[in-house]
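Q: I'd like to go over a predicted model; first the sequence, then the structure.
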Amino acid sequence: MQSAVNFWQRAYVSNNGNANTSWDLPEFRTGDRELGPLRTISGGGGIRAFIGGKADPQAWSLTLQGDAMYTDFLNDLYILNRTGFLGTLSFEVEL
């Protein structure tokens, strides 16, 4: 779990009571959702199969791996969550 940076807010309010003065905005401000509070859960796994010949079965192998991440943005206006996937299939040969 990630807490927000101290200058992050979901929305910024400007107070300009007089049209002849400048806008009263915070010095530091951002709309970057990843600077606000969020939490991410991730997990994954993989499997390897040795497909070499009888003399050296580990000389050739196939590997399949998958990972997933789910992120909740706890205080954002537009994007509430996102899901990411990463998958790989590899073929290895030992010479």
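A: Structure's in. What do you need?

Q: OK, contacts around residue 1?
A: By CB atoms under 8 Å, 6 or more residues apart in numbering, residue 1 lies in contact with 37, 38, 39. Glycine gets a C-beta too; all of them are placed from N, C-alpha and C.

Q: mind giving me TSV with those and columns for secondary structure, pLDDT and neighbour count?
A: Formatted as TSV, these follow (DSSP: H, G, I helix; E, B strand; the rest coil; pLDDT from 0 to 100; neighbours: other CB atoms under 10 Å):
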residue	secondary structure	pLDDT	neighbour count
37	coil	86	16
38	strand	90	19
39	strand	93	12
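
Q: export those residues to TSV and tack on distance to residue 86?
A: Output for the contacts of residue 1, formatted as TSV (distance: CB to CB, whole Å):
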residue	distance to residue 86
37	25
38	19
39	19
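
Q: of those, closest to residue 79?
A: Proximity of the contacts of residue 1 to residue 79 (CB to CB) peaks at residue 38, which lies at 10.3 Å.

Q: check contacts around the closest one.
A: 1, 2, 71, 72, 73, 74.

Q: How about the contacts made by the third one?
A: Under the criterion of CB under 8 Å, 6+ apart, the neighbours of residue 71 are 38, 39, 40, 81, 82, 83, 84.

Q: Among the residues you listed, which one has the most neighbours?
A: Greatest neighbour count in these, by other CB atoms under 10 Å, goes to residue 38: 19 neighbours.

Q: and residue 4, how many neighbours?
A: 14.

Q: what's the distance between it and residue 86?
A: Note on residue 4: its distance to residue 86, by CB to CB, to the nearest Å, is 27 Å.

Q: Equivalent analysis for residue 34, please.
A: Distance, residue 34 to residue 86, by CB to CB: 19 Å.

Q: got the residue ranges for the strands in this protein?
A: Assigned by DSSP state E, the strands in the chain fall at 38-50, 60-73, 81-93.
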